[in-house]
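Novice: Quick one, what's the 3D model for this:
(2 chains)
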Protein chains: 2
Amino acid sequence: MNDLLYLDDLRVGDTFKTASHTLHADQVRFFAMHFDPQPFHLDDAAARQSIFGGLAASGWHTAATTMRLLVTSGPPLADGIVGAGAKVEWKAPTRPGDVLRVESEVTDITPSRSRPDRGTVVMRSDTLNQRDEIVQTMTATLMVSRRPAQDVGRSSRRAS
Amino acid sequence: MNDLLYLDDLRVGDTFKTASHTLHADQVRFFAMHFDPQPFHLDDAAARQSIFGGLAASGWHTAATTMRLLVTSGPPLADGIVGAGAKVEWKAPTRPGDVLRVESEVTDITPSRSRPDRGTVVMRSDTLNQRDEIVQTMTATLMVSRRPAQDVGRSSRRAS
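Specialist: Below you'll find the model as predicted:
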């Protein structure tokens, strides 16, 4: 088990790998029905005639699945994975049956000037399928807590 | 009813407004359970102690709901709303009971050099709540079809 990570524990270049998740056809259709009801995400025959050439998951489903993987098996940030924003690029379609996993790298760390208890971390997360193809790249700006004062130099507090 | 729109029909500065969607607490928890299972998206008491100060929807739920509104009542693009990528900024939390709607503006149009049948359109979409606060800004790069040749100058084809 990993310990919880604070801003102070992270370094540019740190990497994380998640577990994997299989995207089943019923999940693809369920997400599409609720959030992206377009024929190429819902219907095999219509999808074959579309730019996707076959049933493809909504890009937002790929993004949400990426978030699921990051939250459940990605970097164990102390106060959770909280984004101020994200840039998402869809590189290839995600298909029913694809087994997705996420590989992340910390690319920037900036302590807040106005809020000494936190900072921002930029993390690039590539979502890969079972053929090691990158289907999505997500670059997120995360709000990350700094280690609380009582955890820093606890022994000196005791001595005071 | 709007006619279907091709790249050739769009102009920079064109605007679109969607219908609205009410985000219920059970939807917030359902999405979070499946895609963003963090305490501040699932549990009232835990959320009050968090950076959100109360139950808040996952940012990816706000993004997915924005997509739903765009697909069901946004610009009627001829071959659907297909994104190559998007930049999302979460400006304020989305809460259970919030009534969301989307206002979009075309900010760039670029016909493809290599594919004469399509081009890219950059569209900025602000997601607003019932107090007219912008909770999210999404800037998406969309792949949009050009009007098929048989639709352009149909009468001259008949005359030939």
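
Novice: can you list the residues of chain A near chain B?
Specialist: Within chain A, the positions adjacent to chain B are A:31, A:34-40, A:50-51, A:58-60, A:63-65, A:67-68, A:71-72, A:79-90, A:143 by CB under 8 Å from any CB of the partner chain. To be clear about C-beta, it is placed using only N, CA and C from the backbone, and glycine gets the same treatment.

Novice: So how do I select the buried members of the residues you listed in ChimeraX?
Specialist: The ChimeraX selection below is limited to those of the residues of chain A next to chain B classed as buried (16 or more other CB atoms under 10 Å in any protein chain shown):
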select /A:31,34,35,36,37,38,39,40,50,58,59,60,63,64,65,67,68,71,79,80,81,82,83,85,86,87,88,89,90,143
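
Novice: Please flag which of the residues of chain A next to chain B sit within strands.
Specialist: Mapping these onto strands (DSSP state E) picks out A:82, A:83, A:84, A:85, A:86, A:87, A:88, A:89, A:90, A:143.

Novice: What is the nearest of these to residue A:27?
Specialist: Among those, residue A:90 lies closest to residue A:27 (CB to CB), at 17.4 Å.

Novice: what sits against the spatially closest residue to that closest one that is not a sequence neighbour?
Specialist: Spatial nearest neighbour of residue A:90, excluding adjacent residues (CB to CB, 6 or more residues apart in numbering or on different chains): residue A:59 at 4.5 Å. Contacts were defined as CB atoms under 8 Å, 6 or more residues apart in numbering or on different chains; by that measure residue A:59 touches A:88, A:90, A:94, A:136, B:83, B:86.

Novice: possible to save those residues as JSON lines with distance to residue A:110 and pLDDT?
Specialist: Below are the contacts of residue A:59 laid out as JSON lines (distance: CB to CB, whole Å; pLDDT from 0 to 100):
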{"residue": "A:88", "distance to residue A:110": "21", "pLDDT": "98"}
{"residue": "A:90", "distance to residue A:110": "27", "pLDDT": "98"}
{"residue": "A:94", "distance to residue A:110": "32", "pLDDT": "97"}
{"residue": "A:136", "distance to residue A:110": "25", "pLDDT": "98"}
{"residue": "B:83", "distance to residue A:110": "28", "pLDDT": "96"}
{"residue": "B:86", "distance to residue A:110": "23", "pLDDT": "98"}
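
Novice: what are the ranges of the helices in chain A?
Specialist: According to DSSP state H, chain A carries its helices in the segments A:25-35, A:39-42, A:44-48, A:59-73, A:154-159.

Novice: Out of those, which is closest to residue B:122?
Specialist: Per CB to CB, nearest to residue B:122 of the helices of chain A: helix A:59-73, 15.8 Å.

Novice: Output that closest one in CSV with nothing but the alpha carbons.
Specialist: The C-alpha trace of helix A:59-73 is given here as CSV (Å, rounded to 0.1, in the frame of the first residue of the first chain):
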residue,chain,number,x,y,z
GLY,A,59,-14.6,10.3,-25.8
TRP,A,60,-16.2,11.5,-22.5
HIS,A,61,-16.6,7.9,-21.6
THR,A,62,-12.9,7.3,-22.2
ALA,A,63,-12.2,10.4,-20.1
ALA,A,64,-14.5,9.3,-17.2
THR,A,65,-13.0,5.8,-17.3
THR,A,66,-9.5,7.3,-17.1
MET,A,67,-10.7,9.3,-14.0
ARG,A,68,-12.1,6.1,-12.5
LEU,A,69,-8.7,4.4,-12.9
LEU,A,70,-6.8,7.3,-11.5
VAL,A,71,-9.1,7.6,-8.5
THR,A,72,-9.1,3.9,-7.7
SER,A,73,-5.5,2.9,-8.5
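
Novice: okay, the angle between that helix and helix B:59-73?
Specialist: In terms of direction (axes from the mean of the first three to the mean of the last three CA atoms, to 10 degrees), helix A:59-73 departs from helix B:59-73 by 170 degrees.

Novice: Determine how far helix A:59-73 lies from the middle of the whole chain.
Specialist: Offset of helix A:59-73 from its chain centre (CA atoms, centre = their mean, to the nearest Å): 5 Å.

Novice: Please apply the same query to stretch A:106-126.
Specialist: Centre to centre, stretch against its chain (CA atoms, centre = their mean), the figure for stretch A:106-126 is 15 Å.

Novice: Show me which positions of that stretch end up buried.
Specialist: Using 16+ other CB under 10 Å as the burial criterion, the residues of stretch A:106-126 that qualify are A:106, A:109, A:118, A:119, A:120, A:121, A:122, A:123, A:124, A:125, A:126.

Novice: picking up where we left off before, could the ones in strands among the residues of chain A next to chain B go into TSV alongside distance to residue A:6?
Specialist: Converted to TSV, these look like this (distance: CB to CB, whole Å):
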residue	distance to residue A:6
A:82	13
A:83	17
A:84	18
A:85	21
A:86	21
A:87	25
A:88	26
A:89	29
A:90	32
A:143	12
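
Novice: Quick check: the farthest pair among these?
Specialist: Within those, two members stand farthest from each other by CB to CB: A:90 and A:143, at 25.0 Å.

Novice: rewinding a little: the helices of chain A: which one's closest to residue A:6?
Specialist: Residue A:6 lies closest to helix A:154-159 among the helices of chain A, at 14.1 Å (CB to CB).
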